[in-house]
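> What shape does this take:
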Amino acid sequence: MPESTKGFNNWKIKGKYTQDTFIEEIKKRYVETGIIPTQRSFNTHASYYLFGSWTDAIIMAGLEPVQLKGDTPIVRQYVIHEIQQIAIKNKKIPTRMDYPRWAKAIKLFGSWDKVLTEAKIENRLFVDGKQID
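From the prediction side, this is the model:
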């Protein structure tokens, strides 16, 4: 059974997409228009059945979502990665003001300290166990 039909019986989706073909379609539309496509432009809910959310589908396609919606492992990892990149770029422990999506990060992890702990950013600016000079 194709991935896109797991747990779903809608004839418009059935057999049309797998995760890979859906990601390729997102990328194709982005290249054609220069705009990150919306779920509405696809006229399908396949992203929910294939990835869990539209945000997850956009992230998996390698694009930067305008908004981070939901609380999924992919969204959490995306936030952690963004914060780690800010720490590396600025060569300092990021504060909430350094990260434009700080409110979302706190909502996901509970506090800014927990965000930094999840991102494995330590006092002497270690990111993921590697010291940043």
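
> residue boundaries of the strands in the chain?
For the chain, the strands defined by DSSP state E occupy 126-127, 130-131.

> Check those strands for me: which has the lowest mean pLDDT.
The weakest mean pLDDT among these belongs to strand 126-127, with a mean of 65.

> end to end, how far does stretch 64-75 reach?
Stretch 64-75 has an end-to-end distance of 11 Å (criterion: Cα to Cα, to the nearest Å).

> list the buried ones in it?
65, 68, 72, 74-75 (16 or more other Cβ atoms under 10 Å). From N, CA and C alone the C-beta is placed, and that goes for glycine too.

> neighbours around K89, how many?
By other Cβ atoms under 10 Å, the residues close to K89 number 11.

> If I look at it, what pLDDT would I see?
pLDDT at K89 comes out at 91.

> E25 now?
89.

> does it really touch Y17, like I thought?
Yes: applying Cβ atoms under 8 Å, one finds E25 in contact with Y17, separated by 7.4 Å.

> Regarding this protein, what is its longest helix?
helix 73-90 (DSSP state H).

> Poorly predicted segments of this protein, please.
The chain contains residues with pLDDT under 70 at 1-15, 123-129, 131-133.

> Apply 50 and report the result again.
1-13 (pLDDT under 50).

> So for E25 and Y17, which sits in the more crowded spot?
Y17 (22 against 17).

> any idea how far the nearest residue to A105 once chain neighbours are set aside lies from V75?
The shortest distance from A105 to any non-neighbouring residue, by Cβ to Cβ, 6 or more residues apart in numbering, is to V115 (4.7 Å). Separation of V115 from V75 (Cβ to Cβ, to the nearest Å): 13 Å.
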